[in-house]
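Asker: Sequence and predicted structure are below.
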Amino acid sequence: MIHKPVYRTKGGDKLQDVSNNLLRHGLIFFVDGQRTLHAAIVKAFAWFRSIQIILDWYHLEKKCQEPLSLAMKGRAVRNELLAKRMPRLWYGLVDRAMA
């Protein structure tokens, strides 16, 4: 007999069984940087033990480009730095990308 975990909301309500056991794993959301969207996901899934919210690639790149454009002189210098940093971010090496 296979034991299926029972998932409940914070209020104690039993959730419908997910036949593919999706809820056994963490949930990952790829979103833009909108704070209200982030807050809505956190609120809607507060009952769940493991959620991750990851900034989508387009918006991550944009968030890197804008401050660098203000801090550096010239697009060529900025793009050279981004060319070195962005592959590290792609692989999740945030500490190495920041160094």
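Answerer: In hand now; what should we look at? Numbering: from 1, shown residues only.

Asker: Quick check: L82 is in a strand.
Answerer: No: secondary structure of L82 (DSSP: H, G, I helix; E, B strand; the rest coil): helix, not part of a strand.

Asker: Now do the same contact list for it.
Answerer: E61, C64, Q65, L68 (CB atoms under 8 Å, 6 or more residues apart in numbering). Glycine gets a C-beta too; all of them are placed from N, C-alpha and C.

Asker: Quickly find the element holding the second one.
Answerer: To tie it back to what came earlier, the one meant is C64. Taking DSSP states H and E as the definition, C64 sits inside helix 57-71.

Asker: Now do that helix, average pLDDT.
Answerer: Averaged across helix 57-71, pLDDT comes to 85.

Asker: out of the contacts of L82, who's nearest V31?
Answerer: Comparing the contacts of L82 against V31 with CB to CB places E61 closest, at 14.7 Å.

Asker: got the domain boundaries for the protein?
Answerer: Per the record, the chain has its domains at 1-55, 57-98, by automatic domain parsing.
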